[in-house]
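Engineer: model this:
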Amino acid sequence: MLPVRADRVTISNIQGTSYVSPYLGQFVTDIEGIVTKIDSDRFYLQNPNPDDNIATSEAIVVYTKEFPRTSLGEPIAIGDRVSASGTVNEYISGAEGSNNLSQTEIDVSGNDGAVVKLSGNNPLPDAIALSKSDRTPPDRAIDFYESLESMRVKIEDATVINPTNRYGEFIVVLQEGKPGLSEGDLNPDRLFVKIENSSPPKLQVGDRLQGTIVGILGYDGGNYKLVTDTVPPVKPTS
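Structural biologist: Residues are numbered from 1 along each chain as shown. Predicted coordinates:
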């Protein structure tokens, strides 16, 4: 059965206000945004003109199966404004049967999928400061992070509370604010940071990051993660 087609919707419409897209399984057309990150088989697309609903993310993953290119074979670069047409999917990382949350994506790898470059060298959307954000939905920290799924975010002057692991990941605690903190919602100000380069810093508990980390808010392995390729100077624990 062919997917239902949905025309003229936005990224925030697709993301919706819950964990599963209201457009799941539908074919959406001409979804525009700025490319903010490129991986080997997908890229991240964010609307630079957000709506007024703080419970909906303004960014989404576009799954390409192969290295991202336009439908004409042109390479895609960070800062390109593109439109994507494809089927809305909910991707779950990890083993089958895991309790991991899904990540909403547009799958453009099918025969009808399309990516069109509209312009290049555009400024990237401003990163949302997690520790000072006014986007906090009213319930739980997980809802706060869901509302920022795949978007550009930043943290400032964070303290390391778990050392760098073999995957280039470490855990920090935010210095200001506790997103969505409510009774029974454990450690909402605790966040994984994943460094995607060949030599991630070997950080230890108590190290202080002196500056700003900017990246994409991703999700895998049961945790939301700020994914980036650089970190600011570090003040080692004494």
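Engineer: shaky segments in this protein?
Structural biologist: Along the chain, segments meeting pLDDT under 70 span 1-7, 94-97, 132-139, 175-188, 238.
Engineer: quick check: domain ranges of it?
Structural biologist: For the chain, automatic domain parsing gives the domain ranges 5-119, 128-235.
Engineer: Format these as a markdown table; extra columns: mean neighbour count.
Structural biologist: In this view, the C-beta of every residue, glycine as well, is placed from N, C-alpha and C. As requested, these are exported to a markdown table (neighbours: other C-beta atoms under 10 Å):
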| stretch | mean neighbour count |
| --- | --- |
| domain 5-119 | 17 |
| domain 128-235 | 18 |
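Engineer: Could I get the contacting residues of G73?
Structural biologist: G73 sits next to no residue when contact means C-beta atoms under 8 Å, 6 or more residues apart in numbering.
Engineer: in a helix, that's where it is, yeah?
Structural biologist: No. Counting by DSSP: H, G, I helix; E, B strand; the rest coil, G73 falls outside a helix, being coil.
Engineer: Could you measure from it over to D107?
Structural biologist: Applying C-beta to C-beta, to the nearest Å, the value for G73 to D107 is 19 Å.
Engineer: do the same with N165
Structural biologist: To D107, N165 is 30 Å away according to C-beta to C-beta.
Engineer: and what of V214?
Structural biologist: In terms of C-beta to C-beta, V214 sits 27 Å off from D107.
Engineer: repeat for T64
Structural biologist: Counting by C-beta to C-beta - T64 and D107 are separated by 9 Å.
Engineer: what touches both of those two?
Structural biologist: In contact with both T64 and D107: no residue, using C-beta under 8 Å, 6+ apart.
Engineer: mind listing what the spatially closest residue to P201 that is not a sequence neighbour touches?
Structural biologist: Distances taken as C-beta to C-beta, 6 or more residues apart in numbering put V231 closest to P201, at 5.8 Å, once the chain neighbours are dropped. Each residue near V231 by C-beta under 8 Å, 6+ apart is listed here: V193, I195, P201, L209, I213.
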